[in-house]
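Peer 1: Generate a structure from the sequence data that follows.
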Amino acid sequence: MQIGKNKNIFWVHPSSDIFYRKQGEVHCTSPVIPKLTSKGIKLTVLTFYDPTLLPKTKLAPSRKIAYQIKLTDTFNVEILKLSKGTVNPEIYMAKVETSDPAINSAVFVKAAIDFAMKRKKPIDIFHSFGQEGALLPLMLQSINGDVAKFYSNTKTIWTTNAVFQERSFPPDILSYLGIPKELYHPDGIEYYGRVSFLKAGLIFSDLTGFVGVGKTRSQQFFVNVNGFGGVLAAHKDKIKLWPSERSVQAHLDAYEEVLSRPKSEPVVNKIIEKVRRQVVIPRPSYQELWGPVPAQNYNRNQIGFLVQSPVKAYTFWEWIYTDFKDYGVVLEDCDSGTHHLLGRGLSPKGDFWFDVSPNRGYAVELFGWDAQDKAHLLMRSQVVRTPRNSISDNPNIVFVDTRLKKRYRLKHPISLLEQEVYLGASERRFRVKRPVGLLQQEVGLGASGVFKGASEQWGVSSHGLMFKKKKVKV
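Peer 2: Below is the predicted model of the structure:
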């Protein structure tokens with residue numbers, strides 16, 4: 001199919017870099033625009049305001065058009081005509097009075113839709129570019145009334161660079177843009193908890209072009225594209241890969257293809273209906289997830305003692321009576337039989353963190369002091385032994401290295417370390433004449449290896465234990 005002459009195509013191009021002013025006229029840096037117009041296409045371009053494109057003389061009032069764009073709030077937009085008369089292409093600039101990037105994009109594309117309608121020239125194709133133009137297909141599908149009738153046969157194309165540089169926005173931006181909240185959905189424009197304009201352009205346009213994808217990259221394009229792989233695969237039938245933004249043939253092929261497709265039902269309505277039909281599963285309550293809320297008081301006398309680490313412990317208690325003026329906790333070292341007051345002036349219900357020593361038995365006692373300041377033992381916890389943080393005193397401990405098939409055993413006297421190495425049927429045995437107490441300081445010396453000296457050998461096990469080897473007859 002050859003694209004017919006006199007087709008009206010409206011470019012919504014945020015970047016003004018495609019134009020420059022020379023000798024009082026606005027010229028194009030790309031060959032695409034002049035070659036499209038040479039084929040009989042009537043092209044209108046709207047770009048963002050760029051003061052370098054203004055003529056040296058003051059613009060005539062007839063070339064300035066003021067609009068009020070209604071989103072949630074109302075924004076003033078001024079559209080300036082840069083081209084003269086009815087020259088093809090017609091080039092315009094939109095001066096938007098807002099600094100927020102999301103609102104700026106929405107006002108820009110909404111201004112393009114309103115401006116094209118007020119010109120009363122039916123638009124065959126709206127072609128928007130980049131992230132700033134990504135909302136145009138969505139905005140066009142969201143309108144109703146006379147505006148919707150005017151654009152009933154208009155197709156949309158959205159093109160962007162193939163290198164995804166996503167700029168997402170918080171969900172509450174939808175309320176400022178006037179976009180239905182139902183579209184904040186995985187099937188809509190929700191993207192990892194944010195609002196994605198790129199996803200909006202991809203889903204709601206009739207055709208999407210990704211620029212900068214040659215034949216060598218086309219096979220891998222749909223794989224691992226910044227988390228967009230699934231979305232791209234779902235809309236693969238309407239995606240075209242463009243080798244360059246300066247390719248005239250890529251533009252013509254896209255225009256011919258989108259015009260040959262029948263007009264489909266707006267995707268916006270399908271997503272909104274689907275979301276509204278979905279049954280909202282209420283979030284389970286705390287009681288349904290975890291059961292009844294624990295009582296603040298168990299109303300019984302009890303004390304608990306827990307160990308967090310070899311040097312830190314925790315106790316909690318509840319005493320249901322109030323027959324003492326204050327309370328305190330005492331730590332008993334069961335190995336030495338000593339007692340230490342941890343704290344006094346406590347309440348009958350509370351908790352207390354305290355320091356302990358490794359590899360020792362402890363118990364916690366709750367005391368109450370009466371009006372005569374006499375202490376009374378109220379409760380005593382179970383005895384708890386803290387974990388050790390050093391090598392064991394057990395003389396029968398065995399270290400096993402499964403990777404090297406070695407076994408290391410402590411034997412009496414405890415100052416000697418025996419290493420048994422099994423290599424098939426043969427057996428070699430080494431004894432170390434090095435105090436085990438020093439071995440604790442040499443933990444973490446690295447991987448297995450052998451260090452050679454003048455008259456002796458040093459070995460390092462995979463556990464980081466260093467020992468001196470001496471051959472012993474067996």
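Peer 1: mind checking how far the closest residue to residue 83 other than its chain neighbours is from residue 97?
Peer 2: Nearest non-adjacent residue to residue 83, counting by C-beta to C-beta, 6 or more residues apart in numbering: residue 91, 4.5 Å away. Using the backbone N, CA and C atoms, a C-beta is placed for each residue, glycine as well. Distance from residue 91 to residue 97, counting by C-beta to C-beta, to the nearest Å: 21 Å.
Peer 1: go on, residue 332?
Peer 2: With C-beta to C-beta as the criterion, residue 332 and residue 97 are 76 Å apart.
Peer 1: cool, and residue 84?
Peer 2: 26 Å.
Peer 1: before we move on, back to that, so between residue 91 and residue 97, which is more surrounded?
Peer 2: residue 91 (25 against 11; other C-beta atoms under 10 Å).
Peer 1: strands paired with the helix or strand that contains the more buried one, and their directions?
Peer 2: For residue 91, the enclosing helix or strand under DSSP states H and E is strand 90-96. Here strand 90-96 is paired, per DSSP bridges, with strand 42-48 (parallel), strand 74-81 (antiparallel).
Peer 1: Tell me which of the ones you listed is the most buried.
Peer 2: The highest mean neighbour count among the strands paired with strand 90-96, using mean count of other C-beta atoms under 10 Å, belongs to strand 42-48: a mean of 20.
Peer 1: What are the contacting residues of that strand?
Peer 2: Here strand 42-48 makes contact (C-beta atoms under 8 Å, 6 or more residues apart in numbering) with 6-16, 18-19, 33, 36-37, 79, 88-94, 96, 108, 111-112, 115-116, 132.
Peer 1: Of these, keep whichever come out buried.
Peer 2: 7-14, 16, 18-19, 33, 36-37, 79, 89-94, 96, 108, 111-112, 115-116, 132 (16 or more other C-beta atoms under 10 Å).
Peer 1: From the contacts of strand 42-48, which land in helices?
Peer 2: 33, 36-37, 108, 111-112, 115-116 (DSSP state H).
Peer 1: List the contacts of residue 329.
Peer 2: 315, 317, 341-343, 346, 352, 364-367.
Peer 1: So which residues make contact with stretch 50-70?
Peer 2: Contacts of stretch 50-70 (C-beta under 8 Å, 6+ apart): 16, 19-21, 24, 26, 74-82, 93, 107, 110-111, 114-115, 178.
Peer 1: Mind checking the pLDDT average for that stretch?
Peer 2: The average pLDDT within stretch 50-70 is 89.
Peer 1: Over to stretch 231-243?
Peer 2: Rounded mean pLDDT across stretch 231-243 is 85.
Peer 1: quick one: buried residues of it?
Peer 2: 231-232, 238-242.
Peer 1: quick revisit: looking at the strands paired with strand 90-96, which is closest to residue 172?
Peer 2: With C-beta to C-beta, the closest approach to residue 172 among these belongs to strand 74-81: 18.1 Å.
Peer 1: centre of the chain versus that closest one, how much separation?
Peer 2: 37 Å (C-alpha atoms, centre = their mean, to the nearest Å).
Peer 1: Now tabulate the strands paired with strand 90-96 in TSV and tack on distance to residue 146.
Peer 2: Formatted as TSV, those follow (distance: least, C-beta to C-beta, whole Å):
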stretch	distance to residue 146
strand 42-48	20
strand 74-81	20
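Peer 1: Tell me which stretches of the stretch 101-250 of the chain form helices.
Peer 2: Per DSSP state H, counting those that start in this stretch, the stretch 101-250 of the chain carries helices over the ranges 101-118, 136-142, 146-150, 173-177, 197-204, 229-234, 248-260.
Peer 1: check contacts around residue 35.
Peer 2: So residue 35 contacts residue 248 (C-beta under 8 Å, 6+ apart).
Peer 1: roughly how far apart are it and residue 126?
Peer 2: Where residue 126 is concerned, residue 35 sits at a distance of 20 Å (C-beta to C-beta).
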